[in-house]
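Asks: Compute the structure for the input listed below.
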Amino acid sequence: MVNVILKFVSCCRVDDMRISTSEVLDCLNQLECIDFCEEPRFKTVLRANFAKSRREQGQFDRLYHLFFHGMQTGLQGDAVLPEDVLAGGPEAGSDAVPEAIPEDRSDKMAQLVLKLRDQEAPNELDQTLMDFLAGNPLAFIQEVRNIHNQDEKTNQLFKSNLGQLSSRLEIMLRINRLKTKMVQFLGSNDNWVEKDVHGLKKAVNSQLNKALDFLNTEPGLDNAGLRETGTRELHYKNLGEIPFSNLTPKETQAVKEIIDKLVRKLEEITSRRFSSASRGMVDVKKTIQRSVKYLGVPVEIVHKARPLRKGKIVTLCDVSGSVWSAARFMLNILYSLQTCFSRVKSYVFIEKPFDVTSFFMSNEPNEAIKQILNDIRINYNARTDYGMAFQQFRDRHFKELDKKTTLIIIGDARSNYLNPREPLLESMRERCRRLIWLNPEQEKFWGTGDSEMIRYQDHCNEARACGNLNQLIDFIEALVL
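Replies: Sure thing, here's the model as predicted:
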């Protein structure tokens, strides 16, 4: 059983699950306290040690099912689970397979793979698929993970989403080709009896179909803590409900005046809050000293002074089309409230991020916005590409994120059907304090057409529709207060 657990841990690690040696040792010690015949307990022990959070449980379940219920043909004599579980008995639970592959057929499958290997020298991908057939999924899991982490080329002339698709298609073609080779080899080999040939054909198709399923299905992350909020209060009945993209010049000026009043109000509130919240934890040493004059009774409780702590803000704003009409108001407020944060740093993007912090440092927010709109270094005619923008932000500006940083992404998540690269958001989320996405579109439009918002929000701590003044006020108050 130890060897089986170590093989499973290797599969988890190549799929980017972080499992330490101490966690493996803890798991092995705990397994000694349970009966292996009870698969629910067996699975619970493994999940408790190897899945760090609820977000990883779907990934763990996917690997567990593949390894313990899909790889029964070639674990080289190691007992994976008890026979009653593998045979799908009444106590096997929902994860049990309906039919186990007999041990003699498992040996014949290994022989078949070896003979086919000797007949024709396979390339690296064919070798990976043959290892999968032989019961070793490690290389195949690594290949699938490489596809998910595949970087798109940044210097390509014509952008497309064919990078991952072509890699995925190549594996699918190789799987179908291997199916054909196996069937032809079995049909032309007289060493196998008819019953074995029929069983092996069925086993080969079953195993390679499992490979296809694993390739084409990626479990969604458990994001039960996602905060989805709408407008809680109707601050302004008429003006507050008009989308930013539909504001007239006169209405735009009125919104700016309201924002200025909001900024002054919030600065006063936060200054009073910071001054009143300076009392920290109990100072035990000074409290005991003061208690001497009361015969050791701590009548006067002394608290330590709490240092002023302010968060950092990093914004990543889409400046294409109607999105910019909402982003400009958001940036205006954030830079007007700089006293509430230790630092505000901003990037705008269409296809790649551009640092605009210096514009706001040397100009008033409204003047800075005008200069950004007229800067020739930003290609406003380019096609919006969120995936490329996230990739370049990770490669060039990742150091700006830490556990004190709130990352705010402002955009409609419409990426022109290009590669969304949503796993990059997960790495950003892990690095910063929280990740908030503000979408100027109404929620009913999320996920329609080329919108990738449904996929992106699984990697956010908070997702909000923020397309009018009322929604913007709600967000700013929640962020600052």
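Asks: Where does pLDDT dip in the stretch 51-200 of the chain?
Replies: In the predicted model of the stretch 51-200 of the chain, residues 72-107, 121, 151-163, 189-196 satisfy pLDDT under 70.
Asks: ranges for the helices of it?
Replies: Using DSSP state H, counting those that start in this stretch, the helices of the stretch 51-200 of the chain run over residues 57-70, 83-86, 103-119, 124-133, 138-148, 162-188, 194-216.
Asks: got a markdown table for these, with mean neighbour count and distance to residue 267 too?
Replies: In this view, the C-beta of every residue, glycine as well, is placed from N, C-alpha and C. Formatted as a markdown table, the helices of the stretch 51-200 of the chain follow (neighbours: other CB atoms under 10 Å; distance: least, CB to CB, whole Å):
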| stretch | mean neighbour count | distance to residue 267 |
| --- | --- | --- |
| helix 57-70 | 19 | 43 |
| helix 83-86 | 17 | 63 |
| helix 103-119 | 16 | 70 |
| helix 124-133 | 19 | 60 |
| helix 138-148 | 17 | 45 |
| helix 162-188 | 15 | 47 |
| helix 194-216 | 16 | 52 |
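Asks: Can you check which of those gets nearest to residue 249?
Replies: Between residue 249 and the helices of the stretch 51-200 of the chain, the shortest gap by CB to CB is with helix 162-188, which sits at 43.5 Å.
Asks: Between helix 124-133 and the closest one, find me the angle.
Replies: Counting by axes from the mean of the first three to the mean of the last three CA atoms, to 10 degrees, helix 162-188 points 60 degrees away from the direction of helix 124-133.
Asks: between helix 162-188 and helix 138-148, how many degrees?
Replies: 150 degrees.
Asks: Excluding residues flanking it in the chain, which one is nearest residue 476?
Replies: Leaving aside its sequence neighbours, residue 476 sits nearest to residue 333 (CB to CB, 6 or more residues apart in numbering; 5.5 Å).
Asks: Just put the helices of the stretch 51-200 of the chain in JSON lines and tack on distance to residue 13.
Replies: Formatted as JSON lines, those follow (distance: least, CB to CB, whole Å):
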{"stretch": "helix 57-70", "distance to residue 13": "10"}
{"stretch": "helix 83-86", "distance to residue 13": "25"}
{"stretch": "helix 103-119", "distance to residue 13": "25"}
{"stretch": "helix 124-133", "distance to residue 13": "17"}
{"stretch": "helix 138-148", "distance to residue 13": "9"}
{"stretch": "helix 162-188", "distance to residue 13": "21"}
{"stretch": "helix 194-216", "distance to residue 13": "17"}
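Asks: among those helices, which is nearest residue 317?
Replies: Comparing the helices of the stretch 51-200 of the chain by their distance to residue 317 (CB to CB), the top pick is helix 162-188, with 25.8 Å.
Asks: Give me the angle between the closest one and helix 103-119.
Replies: Going by the same axes, to 10 degrees, helix 162-188 makes 110 degrees with helix 103-119.
Asks: What is helix 162-188 packed up against?
Replies: helix 103-119, helix 124-133, helix 138-148, helix 194-216 (3 or more CB pairs under 8 Å, 6 or more residues apart in numbering; DSSP states H and E).
Asks: Nearest to residue 254, out of those?
Replies: Nearest to residue 254 among the helices and strands packed on helix 162-188 is helix 138-148; the distance by CB to CB comes to 47.3 Å.
Asks: can you give me phi and psi for the most centrally placed residue in the chain?
Replies: Closest to where the C-alpha atoms of the chain average out (CA atoms, centre = their mean) is residue 426, at 3.3 Å. With angles defined as degrees, to the nearest 10, residue 426 sits at phi -60, psi -40.
Asks: Spatially nearest residue to it, not counting backbone neighbours?
Replies: residue 459 (4.8 Å).
Asks: got the contact list for that neighbour?
Replies: Residues near residue 459 by CB atoms under 8 Å, 6 or more residues apart in numbering: 221, 223, 422, 423, 425, 426, 428, 429, 435.
Asks: Of those, grab the buried ones for PyMOL.
Replies: Buried residues among those (16 or more other CB atoms under 10 Å), as a PyMOL selection:
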select buried, resi 221+223+422+425+426+428+429+435
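Asks: Looking at the contacts of residue 459, which are in helices?
Replies: 423, 425, 426, 428, 429 (DSSP state H).
Asks: What residue spans form the domains of the chain?
Replies: Following automatic domain parsing, the chain resolves into domains at 1-99, 101-222, 227-276+310-480.
Asks: now the longest one, how far from the chain's geometric center?
Replies: So the one you mean is domain 227-276+310-480. Relative to its chain's centre, domain 227-276+310-480 lies at 20 Å (CA atoms, centre = their mean, to the nearest Å).
Asks: Count the residues that sit near residue 332.
Replies: The local packing of residue 332 (other CB atoms under 10 Å) involves 21 other residues.
Asks: returning to what we had before: tell me which of the helices and strands packed on helix 162-188 lies nearest to residue 296.
Replies: Short answer: helix 138-148, nearest of the helices and strands packed on helix 162-188 by CB to CB, at 63.3 Å.
Asks: who touches the closest one?
Replies: For helix 138-148, contacts defined as CB under 8 Å, 6+ apart pick out 7, 10-11, 14-16, 63, 66, 125, 127-129, 131-132, 164, 167-168, 171, 211, 214-215, 218, 423.
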